[in-house]
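1. missing the sequence, but the structure's below:
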């Protein structure tokens, strides 16, 4: 009886370990830093940079910039995945005027294609 319990416990631990390893292997791209920082008040930035914890799939990663106070008016930004494949860099096509802005980002991990999204708000003084 003890041998059977020991074998069941070993089998259970093996399954648990496999699930933990699989969970780490399928991690999603997570935002680790933004410039401007979330909720910051800054001078009008010439570029916006979002940095992630892993490489991104450029075809499925980017962001949109809007002004919520202007009923979500879109601000033209050219956003591309940087050469490091962990950052999305956006250049506004015109200087940003004072006010509140919202960055709505979407990112897909290069290794597994899992998609994530989020939002970063900042204010231009």
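-> Structure received. Keep in mind the model is a prediction, meaning the values are calculated, not measured.
2. can you pull the pLDDT of the residue nearest in space to the middle of the chain?
-> In the chain, the C-alpha nearest the mean C-alpha coordinate belongs to residue 31, at 3.6 Å (C-alpha atoms, centre = their mean). Residue 31 carries a pLDDT value of 98.
3. how about it, what does it touch?
-> 50-52, 105, 107, 118, 120 (C-beta atoms under 8 Å, 6 or more residues apart in numbering). Bear in mind the C-beta positions are built from the backbone N, C-alpha and C, glycine included.
4. same thing but 10 Å
-> 38, 50-53, 88, 103, 105, 107, 116-120 (C-beta atoms under 10 Å, 6 or more residues apart in numbering).
5. try residue 56
-> 29, 50, 62, 81-82, 84-88, 107-111.
6. List only those of the residues you listed flagged as buried.
-> Those of these that meet the buried threshold are 29, 50, 62, 81, 86-88, 107-110, by 16 or more other C-beta atoms under 10 Å.
7. Inside strands: which ones of those?
-> In strands, judged by DSSP state E, the following of the buried ones among the contacts of residue 56 are found: 50, 62, 81, 87-88, 107-108.
8. Report the two members of the residues you listed separated by the largest distance.
-> 87 and 108 (14.3 Å; C-beta to C-beta).
9. Buried among the contacts of residue 31? Need that as a selection in ChimeraX.
-> To isolate the buried members of the contacts of residue 31 in ChimeraX, using 16+ other C-beta under 10 Å:
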select :50,52,88,103,105,107,120
